[in-house]
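A.B. asks: Here's a sequence, model it:
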Amino acid sequence: METLETARLVLRPFAPTDAADLFEYMHRPVASCFLSLALADLQAAEQEAAARSRNEHSIAVCLRASGKLIGDLFADPEDDTVSVGWNFNPAFFGQGYAHEAAAVLFAHLFTARGARRLYAYVEDTNIASQRLCERLGMRQEGLFKEFISFRQDADGTPIYENTMQYALLRHEWQQNSGRRGPSPARG
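C.D. replies: Take a look at the predicted model:
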């Protein structure tokens, strides 16, 4: 992934030096879909940061002014369709960083990478991510009832969560953002 910049953020590949900042928000993930990725200690964070530095689909989101890692995005391509998602440090919630980062990533995926369709899965209890999807121009395509379990109750019985799927097509993004696609080839 090439480095992308906004007025306040830098989106770049992960580096092993991101471990401490990654641990800040991954030792107790807020969204249930990240519970299985919880990091037990700084050593686990070092291993995870190193692994992410070798994964081109993992994107570090850092403050432009200080370089501090405040969250991450992923963009996992499947031909011309890309699965996208985000996870941010709760200390930086409510400041528009997730929207700013995802918006520049979406623009990059649609223009530089030629994506036709982006989609994201969001648990129906994750209202903040649902709102983010909608602010990004995504529309809800479906609701998967009792789709997946990320945790268990006291007796060890899986707690299944409902999951929503949001999506955005390139032509919808172009229409919503006022951007025009490349002109068709003339022959």
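
A.B. asks: The least confident helix or strand in the chain by mean pLDDT pairs with which strands?
C.D. replies: Across the helices and strands of the chain, mean confidence by mean pLDDT, DSSP states H and E is lowest for strand 139-152: a mean of 85. Here strand 139-152 has these sheet partners by DSSP bridges: strand 158-169 (antiparallel).

A.B. asks: Next, the angle strand 139-152 makes with the following helix or strand past the strand it pairs with.
C.D. replies: Where DSSP states H and E defines the elements, the next helix or strand beyond strand 158-169 is helix 170-177. For helix 170-177 against strand 139-152, the angle between stretch directions is 110 degrees (axes from the mean of the first three to the mean of the last three Cα atoms, to 10 degrees).

A.B. asks: Counting by contacts, list what helix 170-177 packs against.
C.D. replies: helix 97-111 (3 or more Cβ pairs under 8 Å, 6 or more residues apart in numbering; DSSP states H and E). (C-beta placed from N, C-alpha, C; glycine too.)

A.B. asks: So which bits of the helix it packs on are buried?
C.D. replies: 97-98, 100-106, 108-110 (16 or more other Cβ atoms under 10 Å).

A.B. asks: I'd like to know which elements it is packed against.
C.D. replies: Counting by 3+ Cβ pairs under 8 Å, 6+ apart, helix 97-111 packs on strand 4-5, strand 9-13, strand 58-63, strand 69-78, strand 81-88, strand 117-123, helix 127-135, helix 170-177.
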